[in-house]
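[1] A predicted structure for the sequence below; I have some questions about it.
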Amino acid sequence: MRTLNHFGIPTDIQKEGEAYLSNLKLYVTDVNNSPNKIEFLRFEADSPMPDLIKKQAHIAYVVDDIDAEMAGKPVLWPKTVMSDELTIAFIEEEGIAIELMLCAQ
């Protein structure tokens, strides 16, 4: 089951409260500070993230089974442990990036 979490919007404008993710060469805002659940993403030129994620908005869902959600789908970014509480992956559906988020219970 999927539960909508946020919308990710690429930008080249620095945003207040950005956090830097050095492994992804990416600045990101906290969706919890957005009344519309928007996450702004500002990528460094050499970010390893795929162009579809860097250039188009994405939709993020919290999922119960990340492997089942990834099965048979084009994978843009493999399953990655971001912290003890969060594992993410990106797939492509309907021509856009979909972020799958597995949160620790």
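    Structure received.
[2] whichever strand or helix holds residue 97 pairs with which strands, and in what direction?
    Here residue 97, judged by DSSP states H and E, is contained in strand 96-103. If you go by DSSP bridges, strand 96-103 pairs up with strand 58-63 (parallel), strand 86-93 (antiparallel).
[3] save these as a markdown table, and put in mean pLDDT and mean neighbour count too.
    C-beta: built from backbone N, CA, C; applies to glycine. Shown next, in a markdown table, are the strands paired with strand 96-103 (pLDDT from 0 to 100; neighbours: other C-beta atoms under 10 Å):
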| stretch | mean pLDDT | mean neighbour count |
| --- | --- | --- |
| strand 58-63 | 98 | 19 |
| strand 86-93 | 97 | 17 |
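[4] what's the closest of the ones you listed to residue 36?
    Closest to residue 36 of these is strand 58-63 (C-beta to C-beta; 13.0 Å).
[5] could you pull out the helices for the protein?
    51-55, 66-70 (DSSP state H).
[6] what sits up against the last one?
    Pointing back at helix 66-70 there. With contacts defined as C-beta atoms under 8 Å, 6 or more residues apart in numbering, helix 66-70 is touched by 2, 61, 63, 79, 87, 89, 91, 100, 101, 102.
[7] tell me the buried residues in stretch 17-29?
    18, 24, 26, 27, 28, 29 (16 or more other C-beta atoms under 10 Å).
[8] show me the two of the residues you listed that sit farthest apart.
    24 and 29 (14.0 Å).
[9] low-confidence ranges, this protein, go.
    For the chain, applying pLDDT under 70 flags the ranges 105.
[10] tell me the contacts of the closest residue to residue 98 other than its chain neighbours?
    Leaving aside its sequence neighbours, residue 98 sits nearest to residue 91 (C-beta to C-beta, 6 or more residues apart in numbering; 5.1 Å). If a contact means C-beta under 8 Å, 6+ apart, then residue 91 has 69, 70, 73, 74, 75, 76, 97, 98, 100 as its contacts.
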